[in-house]
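Engineer: Based on what follows, work out the 3D shape:
(chains A, B, C and D)
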There are 2 protein chains.
Amino acid sequence: MNGNFARRKEPDAVRRALLDGAASLAAHEGFAAVTIQSVAKAAGVTKGGLFHHFPNKQALVAGMFADQLEKLDATIDAHMASDGEAYGAFTRAYVAAIFDQQAFGRQSVWAAMAASFTADPMLRGLWANWYRARVERHHASDGAPALEVVRLAADGAWYAYLIDDNAPDDSALRRTLDAMTRPTP
Amino acid sequence: MNGNFARRKEPDAVRRALLDGAASLAAHEGFAAVTIQSVAKAAGVTKGGLFHHFPNKQALVAGMFADQLEKLDATIDAHMASDGEAYGAFTRAYVAAIFDQQAFGRQSVWAAMAASFTADPMLRGLWANWYRARVERHHASDGAPALEVVRLAADGAWYAYLIDDNAPDDSALRRTLDAMTRPTP
DNA sequence: ACGCGCAAACCGACCGTTTGGTATGTTCCT
DNA sequence: AGGAACATACCAAACGGTCGGTTTGCGCGT
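Structural biologist: Residues are numbered from 1 along each chain as shown, chains lettered A, B, ... in the order given. Model prediction:
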């Protein structure tokens, strides 16, 4: 039995707090605010404690990226599971995830991650690999060129939404893109 | 007459060298390499000289952005001038500019600028205003929703191209998008 | 059951470097 | 002469990272 007070040493919980703290910091303060000091403080740990879990900052950021990719995986898989139609299911889930403000809005980790994509080739590779693997996995149902155009347009809409502060109503665009993923009879 | 040697004091030339140096630095070394020191050195000037032309770093970066926007303006206008068809002319020029590697490739200033978009709200506003003004200006010929989708897809393709190192051949996509801007008879 | 050792977990002070920015000159042109 | 156009020296702050020390908990021998 060890479910005692909070004073116990639970490294897994600390590691989780570090990753969550980094993500929250990136979402609300921007990617530049993700410093070793700030992340450690947000997790209730000192710098020394942080460096025990991650050898350097790059490892910390990479861990945060991988964590977010896992969550995105779960979101997309859940959406695909509740989709009756096989054709374009992945593209629909992808579009749905992007148009979900809570997951991809300015106040999200991805907004900050977009900033670091062009800077760090390693993080760029992480995302590129994820996307490539997903496209390849669902090639049977989502390999059509028309679906690729839909995904690209969703990416563009997401980027435009991030940039333009007073974002317009995009529900019409979302419906349009969703309709473009339906099989043509 | 004052067209003498290069030893004369020509503040306009220095200012130009600073903007070009900043752009070149951002393109080849990434946005993080755009520091006061590096830019001044690239322009053959010391820090003090730079701060004579720009009150702070934000003003320097803003000037660099405005400079690039002017160049983009010229590129698009030139493309539109040589376009016989009125409908979708702006969208076609926009797509053409994006798919021009020299202007928008990874080795371009825009690749670095994309990184700073999410970080700095001011720079974000500069781009958002430019885009909004352009769309409004060409609303008569490029206001159709189908054309907006094309522009968004071009943005998405550009972003994907920046992220994925081994970029695939996108000439087919470029033709597809271009075809989608033609008037439907 | 009980101490005991040892490694994992964490702290806190320190370091070298870089950054944007300032203050005080010095040179150049009109 | 006087201001614009630069140079030079300096500064405080923040960053990533290191290092020695301290605490916690678990295994192990008896």
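
Engineer: use CA for all of it now, contacts and neighbours both
Structural biologist: OK.

Engineer: From residue A:109, how far out is residue A:102?
Structural biologist: From residue A:102 over to residue A:109 the distance is 10 Å, taken as C-alpha to C-alpha, to the nearest Å.

Engineer: ok, those two, which is more surrounded?
Structural biologist: residue A:109 (24 against 12; other C-alpha atoms under 10 Å in any protein chain shown).

Engineer: tell me the pLDDT at that one?
Structural biologist: On pLDDT, residue A:109 comes in at 86.

Engineer: Would you mind listing the residues in contact with the residue lying closest to it once chain neighbours are set aside?
Structural biologist: Excluding the flanking residues, the one nearest residue A:109 by C-alpha to C-alpha, 6 or more residues apart in numbering or on different chains is residue A:27, at 4.5 Å. Residue A:27 makes contact with A:106-112 under the criterion C-alpha atoms under 8 Å, 6 or more residues apart in numbering or on different chains.

Engineer: SS state for residue A:91?
Structural biologist: Here residue A:91 is helix, with the state taken from DSSP: H, G, I helix; E, B strand; the rest coil.

Engineer: quick one: the helices in chain A?
Structural biologist: A:11-29, A:36-42, A:47-53, A:57-81, A:89-98, A:101-104, A:109-117, A:121-137, A:139-142, A:145-163, A:171-179 (DSSP state H).

Engineer: among the contacts of residue A:27, who's most crowded?
Structural biologist: residue A:112 (27 neighbours).

Engineer: Distance-wise, check residue A:112 relative to residue B:76.
Structural biologist: For residue A:112 relative to residue B:76 (C-alpha to C-alpha), the value is 30 Å.

Engineer: measure the nearest residue to residue A:152 once chain neighbours are set aside to residue A:183 for me?
Structural biologist: Of all residues beyond its chain neighbours, the one nearest residue A:152 is residue B:156 (4.5 Å), with distances taken as C-alpha to C-alpha, 6+ apart. Distance of residue B:156 to residue A:183, given as C-alpha to C-alpha: 23 Å.

Engineer: Quick one: mean pLDDT over stretch A:72-84.
Structural biologist: Rounded mean pLDDT across stretch A:72-84 is 95.

Engineer: One more: stretch A:173-185?
Structural biologist: 89.

Engineer: does chain B sit close to the helix or strand bottoming out on mean pLDDT in chain A?
Structural biologist: Lowest by mean pLDDT, DSSP states H and E among the helices and strands of chain A is helix A:101-104, with a mean of 74. No: with C-alpha under 8 Å from any C-alpha of the partner chain as the criterion, chain B is not reached by helix A:101-104; the gap is at least 12.6 Å.
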